[in-house]
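A.B. asks: Compute the structure for the input listed below.
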Amino acid sequence: MSLPLQSPSQAGIRHLIIPVIFLILSVSGVLLALAPERVIKGGERRIHRAWMILNGKLVLVNGHYLRVERKGRGGPTVVFDSGLSQTHSTWGSIPDEVAGKASVIVYERAGVGESDHLKTVGTSSRIVDDLHELLEKTGAPKPYILVGHSFGGMNIRLFASRYPNEVSGLLLIDASHEDQFVRYAELMPSDQRASYLRHERGENLEGVNMLASGREVRAARFGPIPAIILTAGADRSKTAFDDRERAHLDLQSELVKRLPGSRQIIAEKSGHFIQKDQPELVVKSILELAGKTGRN
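C.D. replies: Below is the predicted model of the structure:
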């Protein structure tokens, strides 16, 4: 069941807008039927976007729209932040399974999926600003349990450092470490290093500067908070276990030291996408954190 989308006054405005939207859709349908294919496709996209805004699936945040899915009701709210350039579909059925126990927010950052794509390169700081405003606008019940995969793990840690009174738990899923980008670059052959660093500085599909984001997270301070760190363990049995994989495990262990109150679980059957390889482990970890929230 979805969370309430709007306040009572907003609901009244929405009630008046609906007939107007349907009239626009009807007229647009007639016009599109007479238009060239290129115009038709553009019109269909605009109609779809208007419908998404009307239904609260695109929310205006800091001057741009973010795609959001809301499920469940009551607190706490479990917030999912995906890996770099990953859409909300990366979570599979996990949000639906969690929604029976708590409210759920799954969103796509600017530059991802159906969210607006921006012209400037962003960092975790901007992402945290966007997410906080999104949660406020949607009226998501506090406290928040933040779930972050890969790059999303850096974002939720920065969020928790800025809003410690609003966060009751963290689940890091093979999360990026703020120092990993420089560490990995040092391990690469020189002919690969330059292109790798360009990618991490913002020449990626999402348009995010990972190196600058790492500096932002490194400067953050973290108080004690219930946290679970899930680390991919399938690669440990590979015969070609290389320096990068060894560095990754070292950095994952270091996350435990940087987050007072955290513990690490090795997902033995999983690669980087633990939510796909062992979704039951992710659900179990979220519900454990939700249980701790309920006892506080």
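A.B. asks: For the chain, which helix or strand comes out least confident on mean pLDDT?
C.D. replies: The helix or strand of the chain with the poorest confidence is helix 8-33; it has a mean of 54 (mean pLDDT, DSSP states H and E).
A.B. asks: give me the low-pLDDT residue ranges for the stretch 51-200 of the chain?
C.D. replies: Across the stretch 51-200 of the chain, nothing is flagged by pLDDT under 70.
A.B. asks: where along it do the strands fall?
C.D. replies: With DSSP state E, counting those that start in this stretch, the ranges of strands along the stretch 51-200 of the chain come out as 58-61, 64-71, 77-81, 103-108, 144-149, 167-173.
A.B. asks: Comparing the ones you listed, which stretch has the densest surroundings?
C.D. replies: Mean neighbour count, computed with mean count of other CB atoms under 10 Å, is highest for strand 144-149 among the strands of the stretch 51-200 of the chain, reaching a mean of 29. Quick note: C-beta positions are derived from backbone N, CA and C, even for glycine.
A.B. asks: ok, which stretches of the protein are helices?
C.D. replies: 8-33, 37-54, 94-99, 124-138, 151-162, 180-187, 190-200, 210-218, 243-258, 274-277, 279-295 (DSSP state H).
A.B. asks: Look up phi and psi at Gly63.
C.D. replies: Backbone torsions for Gly63, taken as degrees, to the nearest 10, come to phi 90, psi 0.
A.B. asks: Share the number of residues neighbouring it, please.
C.D. replies: 9 (other CB atoms under 10 Å).
A.B. asks: again, but for the one 10 residues further on
C.D. replies: Around Arg73 sit 15 other residues, with neighbours defined as other CB under 10 Å.
A.B. asks: What of Pro141?
C.D. replies: For Pro141, using other CB under 10 Å, the count is 16.
A.B. asks: which residues sit in contact with it?
C.D. replies: Counting by CB atoms under 8 Å, 6 or more residues apart in numbering, Pro141 makes contact with 3, 74-77, 103.
A.B. asks: Please name the residues that touch Ala110.
C.D. replies: 64, 66, 116-118, 122, 126-127, 130.
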